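Undergrad: sequence below, structure please.
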Amino acid sequence: MPGGRLTQQERQQIAGGLAEGLPYAQIARRLERPTSTVTREVMRNGGPAAYRAELAHRAAERRARRRRQAVPGGGQHTPEQPHGRDAEAVREYEESLTTVFVASGMPKMMSRVLVGLYTTDEGSLTAAELVRRLMVSPASVSKAITFLEGQGMVRRERDERRRERYVVDEDVWYQAMVASARSLTRVVEVSQQGVGVLGPGTPAATRLENAARFLDFVQESTLRAAEQARAVLHTTPRTASGGSAARP
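TA: Next comes the predicted model:
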């Protein structure tokens, strides 16, 4: 199976596969690449409807150039990673996770900041550290943090040097699920109001009433499940004899 970065020819094959309406897995088999590689490539470059091989290749070259310029002397060296991690593998994984977040509806810069925080052992970074890590402007970081704070996914604190740090807690997924569920509250309320406006028992009112009941049930079930599962986020994995993580 070939490794390394996608070539321009491979990107043209991806574009051709998308034009044929092929699923990512089938395109990946043609290229003898992992499906995740194709998925990440397409979502990073506008999605299946907007993907263009030439534009995607130019964007990849620009990203590679920025990475080289970020290293003194323009070399290919990547920063040393703790715990003996493969720096290139970590970078690829962070891009994959960012792609997943973007596909789920989170704006790209917010996704990049959240991934940057979540994949650090400390779970926190300063604004300056995020700027260097992501190679973006301070204004972009500030906007992303404001968004993530509003979702309850990031908080601010001061370290011993009085620097403001942005922190992502183990509860981030709990907070995200709760925020998502609670966002349905207004939809439920307005849908219920429509029943009276359109007339109880009419087809339109019945449609709205059923939608309100459905969303209300989903909201309550999600909040209850998130609360019941919250403890899992604070569990320390134990390694079983076979090398896999044992259930608590």
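Undergrad: can you show me the helices along the protein?
TA: Using DSSP state H, the helices of the chain run over 8-19, 24-31, 35-44, 53-69, 87-103, 108-118, 127-134, 138-150, 172-182, 184-198, 203-229.
Undergrad: hey, least reliable of the ones you listed by pLDDT?
TA: Confidence, taken as mean pLDDT, is least for helix 53-69 of those (a mean of 79).
Undergrad: among the helices of the chain, which is nearest Arg165?
TA: Comparison of the helices of the chain against Arg165 by C-beta to C-beta identifies helix 127-134 as nearest, at 8.6 Å. Bear in mind the C-beta positions are built from the backbone N, C-alpha and C, glycine included.
Undergrad: stretch 21-41: which residues count as buried?
TA: 22, 24, 27-28, 31, 33, 37-41 (16 or more other C-beta atoms under 10 Å).
Undergrad: quickly list the domain ranges of this protein.
TA: By the record's domain assignment, the chain is partitioned as 8-74, 88-167, 172-234 (automatic domain parsing).
Undergrad: dump those into JSON lines; add distance to Pro82 as well.
TA: Output for the domains of the chain, formatted as JSON lines (distance: least, C-beta to C-beta, whole Å):
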{"stretch": "domain 8-74", "distance to Pro82": "19"}
{"stretch": "domain 88-167", "distance to Pro82": "6"}
{"stretch": "domain 172-234", "distance to Pro82": "21"}
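Undergrad: and Gln81, which of those is closest to it?
TA: Among the domains of the chain, domain 88-167 comes nearest to Gln81, with 5.8 Å by C-beta to C-beta.
Undergrad: so how far is Glu189 from the most centrally placed residue in the chain?
TA: Computing the C-alpha centroid of the chain and ranking residues by C-alpha atoms, centre = their mean puts Phe101 first, at 2.1 Å. Going from Phe101 to Glu189 by C-beta to C-beta, to the nearest Å gives 29 Å.
Undergrad: likewise for Asn210?
TA: Going from Asn210 to Glu189 by C-beta to C-beta gives 15 Å.
Undergrad: nearest to Glu149 among the buried residues of stretch 21-41?
TA: The closest of the buried residues of stretch 21-41, once distances to Glu149 are taken by C-beta to C-beta, is Arg40, at 27.4 Å.
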